[in-house]
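Visitor: can't give you the sequence, but here's the structure:
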C-alpha cells in the first residue's frame, strides 16, 4: 500500500477516501493480468488437443459427388454411388501403400461382420493387383472396392490423405467424414451413433 | 484425445509421407540444380577441349582459324544451353505457364499445409496441379478454378483466406490491437506527462528553498553547490 502514497495523480480521491479508491485500483491491477493470463492458458490448453492438420470437409450435408469407376475385382463392371440410394453406407478411402489403412482395417472388418451397412472402398491411386493381394492378406470388409487409378474421383470427394471415411445417408448426402484411421473410440463414439441415427431416419 | 492426434499424424497423407514434404522438395531442387550444373560443366569441358585441340593442331599463328574455332565454341555452348532448356518435360507456353504459376501459388497443398500447390512435391499436389491445368485447358477462368477447388476442399485450399464473417477477426484483429495499443500508449504518456512535470519554483535565485537553489547550482555546473 505504500506505493499508492507516491502516486499523486488523483489527489482529490486520496483526500476524500484515502483507502477505498486505491484498494479498488490495486485489486484491478492485480486481477486483470491474472484474468488475461488464465484466458491465454485456457486457449493454449485447448490447442493441445486440436489437430491443426485436419481440414473440415466442405461436403458435409451436400450430395455425394457422383462417379463411375470400375470395380476392383471385376473391372468390366462399373459402380456409381447412385446404386446405393435408399440406404446408409460408408465410403472408405484406402490404398495398399497406406500404412494407417492397415491400422484401421481390423475395425472395418469387425464392422463388416455386423452387417450393419454396405462399406464401399475407394482404392485410391493403387495398383489393382497389389490392392487385391492386400485384401486377400488382411481381409475384405468391402461390399466392393472401386479403383480410382488417377485420383480424380478422390479430388471430387475432397480427399487429401488416406484413410478417410464418409458416411452417406439414404438420400445420398454426405453426413459425416472422418479423416485418419478409425479406431475403437471413433467407431463407438462417432461412426456407430451416426449410422444408427441415420438408419432410423426416413 | 491424445490417441486421435497420434493416429492422425501417422496417417498417410498421399503416397509420399508428409514428413518428406520439405526434405523431398529440397533434395529435388538440389538434384535438379546439381544435374543442371553438371550438364553445363560437362558441355563446357567438352567444347573447350575440342577448341584447345583444334587450336593446338592449327598453331597459334592462323588467326582466322582460331576465330572460327572460337565461334564454334560459343555456338556449341549456346546450343548446349538450348538443349538443357529443351530437356525440361512438357513445358506449357510461357503465357500459360505464368498463369499456372500464379494460380498454383494462390492455392494451398492439403498435404504440406504450409506450402502452395506450386511448391509442394506431394503426390496430391501433383494431381491437383494436373487438375488445374485441365480446367484451364477447358477454358475455365481463375475464379472458376478456385471455386471448383473450394467446393471440394473448403476455404482452406485458398492460400489467402477470404474476408467474410468467419475471418473478420483473423484479418482485422492485428490492426485493432495495434490501434488499441497506440491509444493506450498515447493515453499513458499523456497521463505521465501531467504527473511528472510539477510546476518549478520561481526561477530567480532569491526565490525557492535551499534545496531548489542547490539543484539549480548543480544544473549550472557549479563546482561547489553549497
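Guide: Now that the structure is in, tell me what you want to look at. None of the values given here were measured: they were computed from a predicted structure. Numbers count the residues shown, from 1 in each chain, chains lettered A, B, ... in the order given.
Visitor: and the helices in chain B, which stretches?
Guide: Counting by DSSP state H, chain B has helices at residues B:2-10, B:20-58, B:63-87, B:94-104, B:123-137, B:142-153, B:168-196, B:210-219.
Visitor: ok, now chain A?
Guide: So, for chain A - with DSSP H - the helices run A:2-5, A:11-16, A:20-48, A:99-113, A:128-138, A:152-156, A:184-186, A:192-200.
Visitor: please identify the most buried of those helices.
Guide: helix A:152-156 (a mean of 20; mean count of other C-beta atoms under 10 Å in any protein chain shown). Heads up, the C-betas are built off the backbone N, CA and C, glycines and all.
Visitor: other SSEs contacting that one?
Guide: With contacts taken as 3 or more C-beta pairs under 8 Å, 6 or more residues apart in numbering or on different chains; DSSP states H and E, helix A:152-156 sits against strand A:119-124, helix B:123-137.
Visitor: give the rounded mean pLDDT of it.
Guide: The average of the pLDDT scores along helix A:152-156 is 94.
Visitor: re earlier: which of the helices of chain B comes out lowest on mean pLDDT?
Guide: Here the helices of chain B differ in mean pLDDT, and the lowest is helix B:2-10 at a mean of 43.
Visitor: any idea how far residue B:118 is from the nearest residue to residue A:82 once chain neighbours are set aside?
Guide: Nearest residue to residue A:82 in three dimensions, chain neighbours excluded: residue A:66, at 6.7 Å (C-beta to C-beta, 6 or more residues apart in numbering or on different chains). To residue B:118, residue A:66 is 30 Å away according to C-beta to C-beta, to the nearest Å.
Visitor: among these two, which residue is more densely surrounded?
Guide: Comparing residue A:66 with residue B:118 by neighbour count (other C-beta atoms under 10 Å in any protein chain shown), the higher total belongs to residue B:118, at 18 against 11.
Visitor: quick one: contacts for the residue nearest to the more buried one when sequence neighbours are not counted?
Guide: Nearest non-adjacent residue to residue B:118, counting by C-beta to C-beta, 6+ apart: residue B:104, 3.7 Å away. Taking C-beta atoms under 8 Å, 6 or more residues apart in numbering or on different chains, we find residue B:104 in contact with B:116-118, B:129, B:132.
Visitor: so which of these is the most crowded?
Guide: Each of the contacts of residue B:104 was scored for neighbours by other C-beta under 10 Å, and residue B:117 scores highest at 27 neighbours.
Visitor: that one and residue A:181, how far apart?
Guide: The gap separating residue B:117 from residue A:181 is 26 Å, by C-beta to C-beta.
Visitor: for residue A:162, same thing?
Guide: Distance from residue A:162 to residue A:181, by C-beta to C-beta: 9 Å.
Visitor: so those two - more neighbours on which side?
Guide: Neighbours were counted for residue A:162 and for residue A:181 using other C-beta under 10 Å; residue A:162 has more, 29 against 26.
Visitor: for the residue nearest to that one when sequence neighbours are not counted, give its distance to residue A:24.
Guide: Distances taken as C-beta to C-beta, 6+ apart place residue A:98 nearest to residue A:162, at 4.3 Å, with adjacent residues excluded. Taking C-beta to C-beta as the measure, residue A:98 falls 62 Å from residue A:24.
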